[in-house]
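Colleague: Attaching a predicted model along with its sequence, questions to come.
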Amino acid sequence: MILWILFALFLFIVIPIIYINKIIVLSNRIDNAWSQIDVQLKKRADLVPNLVSTVKGYMKHERKVIEMVAKAREEMMKAGGDLKSMAKAEKQLSAALKTIFALAENYPKLKANENFKLLQEQLESIENKVAYARQFYNDSVLEYNNMVTTIPGVWFVGFTGKPKTREYFEVQEIERKPVKVDFE
């Protein structure tokens, strides 16, 4: 009889505590992963003004591209912590930077400029970190969503006050298309 009571206690107290704690830990991991993406995007946004000022001297007639980068950076800074706004702004900035690097191919002196090379290397490094942070974030969201949408996690998510599912950081269709460079 005592064995059955201990089994019932384990079943109705210990297992829910384990699952509730796991859901909270996974949710915290997602929040941390988002913070890591935010840090890398901020670093990239901080490098953009230096890149633009280096490029300006070489690309005087490419004003439209420079304005596009500046606008995309501004949108990135305004996005705040909203996942959808941040993702949209991040995509715009990525596309703008790709355009600048594509245009740089036509300016041999710019490509040879040490500041430009250094900034390009730093941006490349940050892009790699952003890609890794996005992957970690999405992996964390997958693990969380699997936990809270399957049995027994689905029974316990309501007790945590955490969302039923979390959103992925998805690539927008614009990132899937090649960068169009117009020299008119």
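Modeller: Received the coordinates, thanks.

Colleague: what's the spacing between the nearest residue to Gln120 once chain neighbours are set aside and Ala133?
Modeller: Distance criterion C-beta to C-beta, 6 or more residues apart in numbering; nearest residue to Gln120, sequence neighbours excluded, is Phe101 at 6.8 Å. The way it works is simple: take the backbone N, C-alpha and C, and place the C-beta from them, glycine included. Taking C-beta to C-beta, to the nearest Å as the measure, Phe101 falls 21 Å from Ala133.

Colleague: what's the following helix or strand after the longest helix along the chain?
Modeller: Secondary structure assigned by DSSP state H gives helix 15-56 as the longest helix of the chain. Using DSSP states H and E, the helix or strand that follows helix 15-56 in sequence is helix 63-78.

Colleague: helices or strands next to that next one in the packing?
Modeller: The helices and strands touching helix 63-78, judged by 3 or more C-beta pairs under 8 Å, 6 or more residues apart in numbering; DSSP states H and E, are helix 15-56, helix 83-104.

Colleague: about what we covered before: and the longest helix of the chain, how far out from the chain's middle?
Modeller: Centroid separation for helix 15-56 versus its chain: 6 Å, with C-alpha atoms, centre = their mean, to the nearest Å.

Colleague: Against which helices or strands is that helix packed?
Modeller: Packing partners of helix 15-56 (3+ C-beta pairs under 8 Å, 6+ apart): helix 63-78, helix 83-104, helix 114-149, helix 153-160.

Colleague: ranking these by burial, who's on top?
Modeller: Comparing those by mean neighbour count (mean count of other C-beta atoms under 10 Å), helix 83-104 ranks first with a mean of 19.

Colleague: Quick check: nearest residue in space to Ser85, chain neighbours excluded?
Modeller: Ser85 sits nearest to Ala79 (C-beta to C-beta, 6+ apart), 4.1 Å away.
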